[in-house]
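Engineer: Model the structure of this input:
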Amino acid sequence: MAIEAVSFCSGDPHDPYRGRTALQISTDERFVASYRHRQVVTLWGGRVAIGTFAKACDALSAAGFPEVQPVRELVPGQYPLELGWLRDGRWVRGETLEADKFTSFIIVTSTILSVLDSNLARMPPGETTPVVEQRHVDVM
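Structural biologist: A predicted model of the protein is given here:
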């Protein structure tokens, strides 16, 4: 019953201002991140410090994931957070509009994404990045 990976997605690739950000962290402390905005796709991969994956899992679990409230009707320009974890070879996913409930998990993701591109996230005050190694690939 061990969690093998966690994921976070936010936004929409066709949003004229924000685009879509995605991040997946695996139990071996490797991550894959992407940013999609219209026709531009940017990908990163790398490693994070030991313990980052466990911290992300703990934050998701403490917020009650995978038990999330159903997403009500969205207003134009509103996108839910898409969260997931891979457990025993099966993805469990959920969407939520309750971002403040998942603040601890968002902080973990922000400490990674902000190093890759400051437009994706801001480094939360008092936090440091767990990114140990990264590589960047532009895809068209």
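
Engineer: Could you use CA atoms for every contact and neighbour count after this?
Structural biologist: OK.

Engineer: next one: phi and psi at residue 99?
Structural biologist: Main-chain torsions, residue 99, degrees, to the nearest 10: phi -60, psi -40.

Engineer: ok, the closest residue to it other than its chain neighbours - contacts?
Structural biologist: Spatial nearest neighbour of residue 99, excluding adjacent residues (CA to CA, 6 or more residues apart in numbering): residue 81 at 7.0 Å. By CA atoms under 8 Å, 6 or more residues apart in numbering, the contact set of residue 81 is 8-11, 95-97, 99.

Engineer: Name the residues of the least confident helix or strand in the chain by mean pLDDT that come out as buried.
Structural biologist: Lowest mean confidence among the helices and strands of the chain (mean pLDDT, DSSP states H and E): strand 131-139, at a mean of 86. The neighbour-count check on strand 131-139 (16 or more other CA atoms under 10 Å) flags 131, 134 as buried.

Engineer: List the strands paired with that strand, with their directions.
Structural biologist: Partners of strand 131-139 in the sheet, by DSSP bridges, are strand 40-48 (antiparallel).

Engineer: pLDDT of the strand it pairs with, averaged?
Structural biologist: Average pLDDT, strand 40-48: 94.

Engineer: can you pull the buried residues of it?
Structural biologist: Applying 16+ other CA under 10 Å to strand 40-48 flags 41, 43-48 as buried.
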